[in-house]
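S.K.: structure of the sequence below:
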Amino acid sequence: MSDILDTILARKREEIAELRKTTTIDQLRTLALAQDPLRGFSAALRRAAVAGPAVIAEIKRASPSKGLIRADFDAAWLALEYEQGGAACLSVLTDRDFFQGGDEYLVAARRACSLPVIRKDFLIDEIQIVQARAIGADCVLLIAAALSTQRLRELHTCSRELGLDVLVEIHDGAELQQVLDAQLGDDYLLGINNRNLRSFATSLDTTLDLLDQLPAGAEVVTESGIAASADVQRMLAAGVRRFLVGESLMRQPSPAAALQALIG
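M.R.: Next up is the predicted model:
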């Protein structure tokens, strides 16, 4: 199978060049500073995880592997559904070419509810981080597979200077070591994506197999492949209390009811 991640990153570099033709990082920083106060993404997850499963519910219209996921797509309505269903936070896909997302969906979702929101995209440059805050994000995703150790450290620093929380995503032990080598301290959430971003194959064992390699106190988020209550219970039994769930909820008539059934 072709390397999907490399294809996406090549397009991201084109998007960054296009963005720099229309604005500057300083102009975006001015917009970022004018945004509403941050809602505290990591803190919201931490509070929710005390009482039960803490869910980041994802607003995702499509994906490269599954195609269109939801035709009747309304980001504001989905945000309200997720809030009513008990989500701790939201994730909104902003990649347009591969996931049919957009910045406007993040703006609409955040305005519609009180939950903190992560910008889910492939971020490889500081201007994207500042742009994330300029459109209202409370948190950003940094994918270890897309970044060198140095770039991971630099983008984490840029994010924290803006007050953004950071979800650092890994897929295997080598990427975990890369994150540890970046010396980010304990100032990030550690996402373990059960979906391989190069092949898009999914297995919950990806999270479970990495748990004994994690540093003490790591705030782990298991991502992708959580489709049933049994999956949640399996993770809870292993000590994982934070979940990013999207596709299984997005396909349901009532995402709120589906989320309640998943974590109830």
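S.K.: what is the end-to-end distance of stretch 129-148?
M.R.: 16 Å (C-alpha to C-alpha, to the nearest Å).
S.K.: repeat that for stretch 191-201.
M.R.: 17 Å.
S.K.: buried set for that stretch?
M.R.: Within stretch 191-201, the residues scored as buried using 16 or more other C-beta atoms under 10 Å are Gly191, Ile192, Asn193, Asn194, Arg195, Asn196, Leu197. (C-beta placed from N, C-alpha, C; glycine too.)
S.K.: okay, now the unreliable bits of this structure?
M.R.: For the chain, the stretches flagged by pLDDT under 70 are 1-2, 197-199.
S.K.: now the strands for it?
M.R.: Using DSSP state E, the strands of the chain run over 54-59, 62-63, 67-68, 89-93, 117-120, 139-143, 165-170, 189-193, 220-223, 242-245.
S.K.: on contacts alone, who are the packing partners of the fifth one?
M.R.: Counting by 3 or more C-beta pairs under 8 Å, 6 or more residues apart in numbering; DSSP states H and E, the packing neighbours recorded for strand 117-120 are strand 89-93, helix 103-112, strand 139-143.
S.K.: Gly102 contacts Thr94, doesn't it?
M.R.: Yes - with contact defined as C-beta atoms under 8 Å, Gly102 and Thr94 form a contacting pair (6.1 Å).
S.K.: of these two, who's got more company?
M.R.: Thr94 (23 against 17; other C-beta atoms under 10 Å).
S.K.: so which residue is smack in the middle of the protein?
M.R.: Nearest to the mean C-alpha position of the chain, by C-alpha atoms, centre = their mean, lies Lys120 at 4.5 Å.
S.K.: just to revisit the earlier point, any chance of TSV for the strands of the chain, columns distance to Ser159?
M.R.: TSV is the format used below for those (distance: least, C-beta to C-beta, whole Å):
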stretch	distance to Ser159
strand 54-59	17
strand 62-63	24
strand 67-68	31
strand 89-93	16
strand 117-120	10
strand 139-143	5
strand 165-170	5
strand 189-193	12
strand 220-223	16
strand 242-245	18
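S.K.: could you pull out the helices for the stretch 1-150 of the chain?
M.R.: Ranges of helices in the stretch 1-150 of the chain, per DSSP state H, counting those that start in this stretch, are 4-22, 25-33, 41-51, 75-85, 103-112, 126-134, 149-161.
S.K.: and of these, who's closest to Ala238?
M.R.: Nearest to Ala238 among the helices of the stretch 1-150 of the chain is helix 41-51 (13.9 Å), distances taken as C-beta to C-beta.
S.K.: for the closest one, buried residues please.
M.R.: Under the neighbour-count criterion of 16+ other C-beta under 10 Å, helix 41-51 has Phe41, Ser42, Ala44, Leu45, Arg46, Ala48, Ala49 buried.
S.K.: ok, now stretch 91-110?
M.R.: Result for stretch 91-110 [16+ other C-beta under 10 Å]: buried residues 91-96, 98-103, 105-110.
S.K.: do stretch 238-246 as well
M.R.: Val240, Arg241, Arg242, Phe243, Leu244, Val245, Gly246.
S.K.: quick one: distance of it to the chain centre.
M.R.: 13 Å (C-alpha atoms, centre = their mean, to the nearest Å).
S.K.: same question, stretch 219-238
M.R.: Chain-centre distance of stretch 219-238: 16 Å, with C-alpha atoms, centre = their mean.
S.K.: other residues contacting it?
M.R.: The contact list for stretch 219-238 (C-beta atoms under 8 Å, 6 or more residues apart in numbering) reads 42, 45-46, 53, 56, 167, 169, 188-195, 202-204, 207-208, 211, 214, 240-248, 261-264.
S.K.: quick check: the closest residue to Leu90 other than its chain neighbours vs Gly246, distance?
M.R.: Of all residues not flanking Leu90 in the chain, Val117 sits nearest, at 4.6 Å (C-beta to C-beta, 6 or more residues apart in numbering). Separation of Val117 from Gly246 (C-beta to C-beta, to the nearest Å): 13 Å.
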